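Participant: the following comprises the amino acid sequence and a computationally predicted model.
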Amino acid sequence: MKHPFLIAAPMLLALAGTAAANDLPEYTLVVKDHVYKPSEIKVPAGTKFKLIVRNEDPTAEEFESTDFNREKIVLPNSSVTVYVGPLRAGSYGFFGDFHQATAKGRLIVE
Ligand SMILES: [Cu+2]
């Protein structure tokens, strides 16, 4: 242990990063029967937040939004975290790219 700081620094940075991510407001979205529940989520304007997308279907889904520019595959019976924002007040659509006819929702930013 000639240079303990050099070893400890990356760990401290990792911990700081974790703490910051954990401080973000968090919202959960479930995909079941190729439908988003809830279909509308109210989120604060001007704030970065986490969207946990949980897929309870036996097939993959892709969480996607062209309005706030995100795209992420969610495997069957799995969750992903999508970081969104900060957004201006308004209504932003999202959909399931693999089941666009049924998997639709909106973020109401206010
Ligand atoms: Cu896509």
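Facilitator: Received the coordinates, thanks.

Participant: show me what contacts the closest residue to residue 55 other than its chain neighbours?
Facilitator: Spatial nearest neighbour of residue 55, chain neighbours left out: residue 74 (4.0 Å); criterion: Cβ to Cβ, 6 or more residues apart in numbering. Quick note: C-beta positions are derived from backbone N, CA and C, even for glycine. Residue 74 is in contact with 31, 53-55, 60-63, 80, counting by Cβ atoms under 8 Å, 6 or more residues apart in numbering.

Participant: in strands, which of these appear?
Facilitator: Residues of those located in strands (DSSP state E): 31, 53-55, 61-63, 80.

Participant: selection in PyMOL covering whichever of those residues are buried, please.
Facilitator: Buried members of the ones in strands among the contacts of residue 74, identified by 16 or more other Cβ atoms under 10 Å, are gathered into one PyMOL selection as follows:
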select buried, resi 31+53+55+61+62+63+80
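
Participant: what is the most widely separated pair among the ones in strands among the contacts of residue 74?
Facilitator: 54 and 62 (13.9 Å; Cβ to Cβ).

Participant: re the thing from before, let me have the ones in strands among the contacts of residue 74 in TSV, extended by pLDDT and distance to the ion.
Facilitator: Formatted as TSV, the ones in strands among the contacts of residue 74 follow (pLDDT from 0 to 100; distance: Cβ to the ion, whole Å):
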residue	pLDDT	distance to the ion
31	98	14
53	98	13
54	98	18
55	98	14
61	98	10
62	98	5
63	98	9
80	98	13
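
Participant: Throw the ones in strands among the contacts of residue 74 into CSV and include distance to residue 38, thanks.
Facilitator: Formatted as CSV, those follow (distance: Cβ to Cβ, whole Å):
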residue, distance to residue 38
31, 11
53, 12
54, 12
55, 15
61, 16
62, 19
63, 14
80, 18
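
Participant: looking at the ones in strands among the contacts of residue 74, which is nearest residue 92?
Facilitator: So of those, ranked by how close each gets to residue 92 (Cβ to Cβ), first place is residue 63, at 12.8 Å.
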